[in-house]
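Undergrad: Dropping a prediction and its sequence here:
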Amino acid sequence: MMAFLPIPAFLVMIFYVVMYALNMSTVPMLTMIAMNYINEGTYVNFGLARGIGSASWATSALIFGQVVSFLGANVLSIAYCIFALVTLFILYHLPESKITETKTEEVQEEGSVITVIRKYKIFFFLLLGFCFMFSGATAIGTYLINIVKSLGGNTSLYGVAMFAMAFSELPVMMTVPKLMKKFNSVTLILVASIFYICRNYTIGLAPNLVVLIIGMMFQGLSYGLFTGVITYYVTYNLDTQDQMSGQTMIGIMTSGIGSTLGNVLGGVLQDTIGLNALFTFVYLMTALGAAIIFICKFVSVKVKK
């Protein structure tokens, strides 16, 4: 409808919100499919799969950024529909998980998000720290074009920066399963938070575009590492009936609360005070999130959940 019908702007907004919400809701569901396969003994390199997703995002952003200039923005809606149909085709041909078949009633009776927060406090505070750091990263990502232009760049260099950022996730996510065999998951999350500081502070303090792109390439060791590890953390540390809610919480705290904080507050600060105010917000959110995770690392030694 968005691609072919002359609908008013408010309906475009509504359709986009619904589309985005449905898109976000598929993340915990697809993750649980992968985790169920792993739990039943089927080998799935989830890190590689997630990394290919990031690489695909980078590639499509680079390609469609050029295509839109020739064919118009409607081509995005058409491409979205095509990719959605391909996804449905793949899902239809995937084998049913034995865990899904045998524990359907148990999954339906799973604990709520509130229950998960109460039962797994370390998990919640890890996500809370991630939420604050993600809000800073979101503010940078959303208003990156303004940062690039302030350093003398243009939309072409903006596309290069986004491509470098997303592609850096692939090699890190590929190695997450191996890293988790050698290191404690909370330790890896702490390492990711340190690289979040490197990422966000390097971008904010970048004197030129070269340093900016270097900062963007810390995306893999920050967001990529954190996302991969926290996904496996749910599978290995939460009870079976709580895992779906746990995966959902990851989306709520990042794409939900974190993105909202970063987009709204970051945008208001930038519009009313300036780009430096946006950077100050990013520094504070990143430091706060890293501090929370730093505390979780030491508390987790004594508390299992």
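TA: That came through, no problem. Numbers count the residues shown, from 1 in each chain.

Undergrad: pLDDT below threshold where in this structure?
TA: Regions of the chain meeting the criterion pLDDT under 70 cover residues 99-111, 155-156, 300-305.

Undergrad: State which helix of it is the longest.
TA: Among the elements of the chain assigned as helix by DSSP state H, the one spanning the most residues is helix 9-39.

Undergrad: Return the set of buried residues in that helix.
TA: Counting neighbours by 16 or more other C-beta atoms under 10 Å, one finds that the buried residues in helix 9-39 are 24, 27-28, 30-39. Glycine gets a C-beta too; all of them are placed from N, C-alpha and C.

Undergrad: before we move on, what about stretch 234-246?
TA: Judged by neighbour count using 16+ other C-beta under 10 Å, the buried positions of stretch 234-246 are 234, 235, 237, 238, 241, 242, 243, 244, 245, 246.

Undergrad: As a markdown table, these with secondary structure and distance to residue 296 would be great.
TA: Putting the buried residues of stretch 234-246 into a markdown table (DSSP: H, G, I helix; E, B strand; the rest coil; distance: C-beta to C-beta, whole Å) gives the following:
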| residue | secondary structure | distance to residue 296 |
| --- | --- | --- |
| 234 | helix | 15 |
| 235 | helix | 19 |
| 237 | helix | 13 |
| 238 | coil | 16 |
| 241 | helix | 24 |
| 242 | helix | 18 |
| 243 | helix | 20 |
| 244 | helix | 23 |
| 245 | helix | 19 |
| 246 | helix | 16 |
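
Undergrad: Contacts for stretch 284-299 next, please.
TA: By C-beta atoms under 8 Å, 6 or more residues apart in numbering, the residues outside stretch 284-299 that reach it are 122, 125-126, 128-137, 139, 186-187, 189-190, 193-194, 196-197, 200-201, 261-262.

Undergrad: do the same with stretch 175-191
TA: Residues lying outside stretch 175-191 but in contact with it, judged by C-beta under 8 Å, 6+ apart, are 45-47, 122, 126, 130, 221, 225-226, 228-230, 232-233, 236-237, 293-294, 296-297, 300.

Undergrad: how many other residues sit next to residue 87?
TA: A count of neighbours around residue 87, defined by other C-beta atoms under 10 Å, yields 12.

Undergrad: Where does it fall, secondary structure wise?
TA: Under the criterion DSSP states H and E, the helix or strand holding residue 87 is helix 74-93.

Undergrad: Pull out the buried residues from that helix.
TA: For helix 74-93, the neighbour count (16+ other C-beta under 10 Å) marks 76, 77 as buried.

Undergrad: ok and it relative to helix 9-39, angle-wise?
TA: Counting by axes from the mean of the first three to the mean of the last three C-alpha atoms, to 10 degrees, helix 74-93 lies at 30 degrees to helix 9-39.

Undergrad: Leaving out the residues flanking it, which one is nearest to residue 203?
TA: The spatial neighbour of residue 203 that comes closest, neighbours along the chain excluded (C-beta to C-beta, 6 or more residues apart in numbering), is residue 215 at 3.9 Å.

Undergrad: tell me which element that neighbour is part of?
TA: Element membership of residue 215, judged by DSSP H and E, is helix 209-216.

Undergrad: could I have that helix exported to CSV, CA atoms only?
TA: C-alpha atoms of helix 209-216 as CSV (Å, rounded to 0.1, in the frame of the first residue of the first chain):
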residue,chain,number,x,y,z
LEU,A,209,36.4,11.6,9.2
VAL,A,210,39.2,9.0,9.4
VAL,A,211,39.0,8.9,13.2
LEU,A,212,35.2,8.9,13.0
ILE,A,213,35.2,5.8,10.8
ILE,A,214,37.7,4.1,13.1
GLY,A,215,35.3,4.8,16.0
MET,A,216,32.4,3.3,13.9
